[in-house]
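Enquirer: What follows is a predicted structure for the sequence shown.
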Amino acid sequence: MTIPLQKTALALALCSLAVTAGCAGCDETGVLSVVPDIEVAPTTLDLGEVPFGVERQGTVTIRNLGNGPLTLTSVRLSDETLFRLQKHPGDVVGAGVSDVAVIAANAPEVVGTYMTTLIIESDDPDEPLEEVPVRLVAVAPPPCDDGNQCTEDWFDTDTSECRHRFADGLTCFPADKCIIDAVCSQGVCLGRQKTCDDNSACTRDYCRQIDGECLFIEDASTCDDGNDCTFDSCNAQGCQHENLPSGEACDDDDLCTVADACFQGACVGRGVREGEACDDSDSCTTGDTCLSGVCTGQSIVDPTQEGDVVFTYPLINWPSGAFLHRREVSMSRESSVFYGLDHLRLPNDEGLTHVVFAMNQCGSDVYQFSYRPPDAHVLVSYVRRGIQIGQNDLVRMYVGVRQRPQDGYEPQTTTYLLDRTGQVLASGVQTLGGETGRSLLPDGSHIYGVIWPLTQGAPTAEDPARQNLVIVREDVQGNVLWRHERTSEDWAEFLGVAGPRVLFWANGRFGALDFNTGAQVWSQPTAVITKEMALSTDLNLGVARASYQLIGVEILEGNQIFEYPTEVDASYFPRTDPVISADGRILVLMERRNLETQQSEGLDWVELDRMGNVISSTRLPYEFPGDCSLTRHEDYYEDPYPTVADDGVAYVGYGDTFFALNPGGGVRWTVTSTIPNAYTGTVPVLRDDGVILFNEKSRAIIGVRSNGGRMSDAGWASFRHDGDRTNFTP
């Protein structure tokens with residue numbers, strides 16, 4: 001090959017300059033050298049731990065840093081028992097070019113360390129031989145048992161991950177031993193309830209859930225015939241009812257009779273004159289008189305129109321102030337008694353912290369109960385309060401707190417159980433954890449969540465794990481049927497019970513446990529879910545507020561099916577938690593905000609379908625004041641709850657306006673207040689008599705005439721209508 005004269009001269013000139021500079025770029029004749037220069041990376045190839053059945057591969061890069069071509073005369077492995085050369089580099093690597101050798105390891109079958117060496121021979125004058133050690137450690141696959149007897153578990157060698165699928169039809173064994181003939185269905189253990197019946201009217205029969213034993217407890221009250229003029233007893237023949245002697249005092253429950261006495265087993269009273277005044281003990285009537293032997297009053301509800309205020313029930317005006325949270329109201333379906341939990345400010349002169357009040361009819365007091373625990377005036381990092389109504393109007397009031405870091409960060413829960421007159425049946429302070437939610441179940445058992453600290457004192461910001469979320473199911477007697485723990489960071493939630501699944505959120509994952517065993521059924525990554533989730537087993541749907549969006553997830557398998565809005569948008573976000581109507585609409589109040597001015601600009605009432613698609617969006621007739629902070633609740637982070645009736649009419653308040661809204665978003669009626677934040681912290685509660693209750697600010701309960709719509713067990717009508725159904729859907 002002839003080199004052009006000008007190129008030869010240029011090469012000699014460059015070489016001369018290089019020699020002058022002390023560079024070894026030329027040979028002894030002064031001609032520029034053209035040589036390869038090999039570089040190999042990495043110098044050691046570690047394939048790490050490889051489970052049985054899994055193939056693994058790694059790459060070694062061969063780069064030519066020289067100015068001449070690099071010829072690879074041999075690239076091979078010293079031992080090919082387990083390893084093989086998956087990809088061979090080319091025979092020649094050009095100057096400034098890279099190539100790769102890919103080493104693959106066949107699936108190991110025996111535990112141990114396996115090694116080979118990648119040998120690279122080339123025409124590099126300085127490093128003609130390169131050796132790269134290759135290493136892997138064969139290990140057994142990780143245990144994939146998820147603890148759920150209703151899933152099949154295996155290690156997937158293709159993905160190197162544990163896999164689980166529902167093992168429907170398998171026989172399973174619930175922790176509740178009163179569930180028999182149980183089989184797996186959709187990852188949970190389901191069966192039928194064991195029947196306990198000794199055919200005696202003189203006993204209470206029930207199945208003990210912890211061991212499945214039938215218990216028959218003698219109880220004379222089972223023979224109570226409700227007649228004041230009989231003596232009730234039980235013998236081998238069953239219930240006996242013996243007439244009391246004539247003349248025994250009794251009460252015939254007739255307000256228009258006096259001198260009631262027993263006569264031949266019946267309670268008989270002497271009537272008063274027709275038209276004489278009486279008291280029917282109903283604050284929803286006025287002008288009570290005896291007519292045809294019955295004490296009758298004129299309803300104060302019937303003459304009103306829908307949307308009219310029927311009555312106002314003022315709360316105690318505590319000198320130091322007090323407020324209601326949205327979580328702190330409930331109503332009994334048995335007696336339509338409305339319950340609230342007043343939270344007094346700290347510190348205060350009354351020496352109290354919380355006051356439970358009960359009210360029925362149109363503002364009649366039932367009872368008031370107040371308490372102050374030993375540490376009542378300690379400021380806390382967070383607090384969870386609530387009241388739940390069980391059978392026979394038993395009220396369970398709890399306050400779960402975690403102290404501030406400087407006070408030790410200790411959690412505790414104070415609990416009181418009150419009867420229907422406000423008398424304390426049981427109380428206690430649990431110092432091992434802060435309760436974060438509880439479901440009262442139809443069989444009398446409980447499922448609840450507790451936040452349990454991992455260490456004493458406040459964790460540091462670097463601690464990845466700060467607490468445990470402990471979920472427990474107890475039977476009627478308080479025996480623990482199962483217990484589930486999982487480590488969490490700052491926030492974790494017990495979300496409630498949906499059919500046979502117990503739902504939670506912790507460490508970025510939404511999950512479900514088997515109601516009957518406590519085993520995890522599934523968990524899926526989601527955005528942060530805080531405090532509440534609307535649940536519908538009919539729709540296989542849970543909907544929760546997560547930061548600036550609503551997220552919808554399937555209850556059966558946990559798949560996230562929608563986000564609304566589809567993108568995080570700080571200018572348009574949920575102002576309330578969602579509810580689900582009986583016909584399957586998801587309802588939520590949205591706020592519009594100007595990000596430049598940070599001024600709230602309006603409210604929209606939005607209806608979504610199951611997949612998160614907008615059915616309707618209605619701008620409500622509401623104007624924010626110039627200072628929108630005036631519309632916030634005393635607890636700044638508290639928002640209102642909506643409620644939806646069985647006829648689809650929804651109710652929600654914000655700021656100084658309370659709305660009744662038709663399906664489709666049309667405004668049915670409004671109630672307004674002179675207080676700018678009157679209805680921000682409210683939750684509407686519907687009664688069966690056509691009256692809806694909600695609080696105005698924190699110092700009054702208002703009763704307003706509704707159209708007669710009632711709460712529905714379908715969907716998720718409200719978070720606070722019925723204590724039996726708090727965090728629970730059948």
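Expert: Received, thanks.
Enquirer: okay, A201: pLDDT?
Expert: What the model reports as pLDDT for A201 is 82.
Enquirer: If you could redo that for A534, that was the one I meant.
Expert: Confidence for A534, expressed as pLDDT, is 89.
Enquirer: again, but for the one 3 residues further on
Expert: Model confidence at T537, given as pLDDT, is 87.
Enquirer: Now for the closest residue to A266 other than its chain neighbours: which residues touch it?
Expert: Closest residue in space to A266, ignoring its immediate chain neighbours: C229 at 5.9 Å, by C-beta to C-beta, 6 or more residues apart in numbering. Using the backbone N, CA and C atoms, a C-beta is placed for each residue, glycine as well. Counting by C-beta atoms under 8 Å, 6 or more residues apart in numbering, C229 touches 243-244, 248, 250, 262-263, 265-267.
Enquirer: in the protein, which spans are helices?
Expert: For the chain, the helices defined by DSSP state H cover 5-20.
Enquirer: domains for it, by residue range?
Expert: As assigned by automatic domain parsing, the chain contains the domains 1-26, 34-139, 309-431+526-729.
Enquirer: Would you state the strands of the stretch 401-550 of the chain in chain order?
Expert: 411-418, 424-430, 434-440, 446-453, 467-474, 480-488, 492-498, 501-506, 509-514, 520-525, 534-536, 541-546, 549-553 (DSSP state E, counting those that start in this stretch).
Enquirer: which outside residues touch the shortest one?
Expert: Looking back up the chat, that one is strand 534-536. 495-496, 498, 503, 541-544, 555, 577-580, 584, 586, 714-716, 719, 729.
Enquirer: Which among those count as buried?
Expert: Among the contacts of strand 534-536, the ones that count as buried by 16 or more other C-beta atoms under 10 Å are 495-496, 498, 503, 541-544, 555, 577-580, 586, 714-716, 719, 729.
Enquirer: where are the low-confidence patches of the stretch 601-730 of the chain?
Expert: For the stretch 601-730 of the chain, applying pLDDT under 70 flags the ranges 634-637, 720-730.
Enquirer: Please, where are all the strands along it?
Expert: Going by DSSP E, counting those that start in this stretch, the stretch 601-730 of the chain shows strands at 614-619, 643-644, 650-654, 657-661, 667-672, 685-686, 691-696, 700-705, 728-729.
Enquirer: would CSV of these with distance to S74 be doable?
Expert: Compiled in CSV, those are given as follows (distance: least, C-beta to C-beta, whole Å):
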stretch, distance to S74
strand 614-619, 67
strand 643-644, 77
strand 650-654, 78
strand 657-661, 81
strand 667-672, 85
strand 685-686, 84
strand 691-696, 85
strand 700-705, 90
strand 728-729, 71
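Enquirer: are any of the contacts of C229 buried, and which?
Expert: Neighbour counting by 16+ other C-beta under 10 Å classes 244, 250, 262, 267 among these as buried.
Enquirer: Among those residues, which lie within strands?
Expert: 262, 267 (DSSP state E).
Enquirer: quick revisit: redo the domains of the chain as JSON lines? Include distance to V294.
Expert: Output for the domains of the chain, formatted as JSON lines (distance: least, C-beta to C-beta, whole Å):
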{"stretch": "domain 1-26", "distance to V294": "120"}
{"stretch": "domain 34-139", "distance to V294": "81"}
{"stretch": "domain 309-431+526-729", "distance to V294": "18"}
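Enquirer: For V553, give me its contacts.
Expert: V553 neighbours (C-beta under 8 Å, 6+ apart): 510, 524, 526, 541-544, 559-561.
Enquirer: So for these, which is the shakiest by pLDDT?
Expert: Among these, T526 has the lowest pLDDT, at 79.
Enquirer: ok, that one - how many residues close by?
Expert: The number of residues packed around T526, counting by other C-beta atoms under 10 Å, is 18.
Enquirer: likewise L82?
Expert: Neighbourhood size, L82 [other C-beta under 10 Å]: 21.
Enquirer: and what of N227?
Expert: Count around N227 with other C-beta under 10 Å applied: 16.
Enquirer: C262 versus that one, what's the distance?
Expert: 9 Å (C-beta to C-beta, to the nearest Å).
Enquirer: ok, the spatially most central residue of the chain - contacts?
Expert: By C-alpha atoms, centre = their mean, the chain has its centre lying nearest to L495, at 2.5 Å. By C-beta under 8 Å, 6+ apart, L495 lies in contact with 437, 503-505, 529, 532-533, 535, 542, 544, 727.
Enquirer: try R545
Expert: 529-530, 532, 574, 576-578.
Enquirer: before we move on, what about V521?
Expert: Contacts of V521 (C-beta under 8 Å, 6+ apart): 148, 150-151, 187-188, 501, 511-514.
Enquirer: Let me know how buried L469 is, in neighbour terms.
Expert: So L469, with other C-beta under 10 Å, has 23 neighbours.
Enquirer: The residue lying closest to it once chain neighbours are set aside - how many residues pack around it?
Expert: Counting by C-beta to C-beta, 6+ apart, A492 is the residue found nearest to L469 once chain neighbours are left out, at 3.8 Å. The tally of other residues near A492 (other C-beta under 10 Å) stands at 24.
Enquirer: A492 and T526, how far apart?
Expert: Distance, A492 to T526, by C-beta to C-beta: 13 Å.
Enquirer: Mutual contacts of these two, please.
Expert: Joint contacts of A492 and T526 (C-beta under 8 Å, 6+ apart) are W505.
Enquirer: close enough to count as contact, P642 and L587?
Expert: Yes: under the criterion of C-beta atoms under 8 Å, P642 makes contact with L587 at 5.8 Å.
Enquirer: For these two, indicate the residue with more neighbours.
Expert: Taking other C-beta under 10 Å, P642 and L587 do not tie; L587 has more neighbours (29 against 26).
Enquirer: Name the residues linked to the more buried one by a beta bridge.
Expert: Taking DSSP bridges as the rule, L587 bridges to V579, E607.
Enquirer: Identify the residues contacting it.
Expert: By C-beta under 8 Å, 6+ apart, L587 lies in contact with 578-581, 605-608, 642, 644, 650.
Enquirer: redo that, cut-off 7 Å
Expert: Residues in contact with L587 (C-beta atoms under 7 Å, 6 or more residues apart in numbering) are 578-579, 581, 607, 642, 644, 650.
Enquirer: just to revisit the earlier point, which residues are common contacts for P642 and L587?
Expert: 579, 650.
Enquirer: now the stretch 151-300 of the chain, which segments are flagged as low pLDDT?
Expert: Using pLDDT under 70, the stretch 151-300 of the chain has no residue that qualifies.
Enquirer: which residues of it fall in strands?
Expert: Counting by DSSP E, counting those that start in this stretch, the strands of the stretch 151-300 of the chain are 151-156, 161-166, 179-185, 188-193, 203-207, 214-218, 230-235, 238-243, 257-263, 266-271, 285-291, 294-299.
Enquirer: buried sites along stretch 60-76?
Expert: 60, 62-64, 66, 69-70, 72, 75.
Enquirer: Identify, from the residues you listed, the entry nearest to N392.
Expert: Nearest to N392 among these is V60, at 76.0 Å by C-beta to C-beta.
Enquirer: In this structure the closest one contacts D46, no?
Expert: No: assessed by C-beta atoms under 7 Å, V60 is found out of contact with D46, at 11.8 Å.
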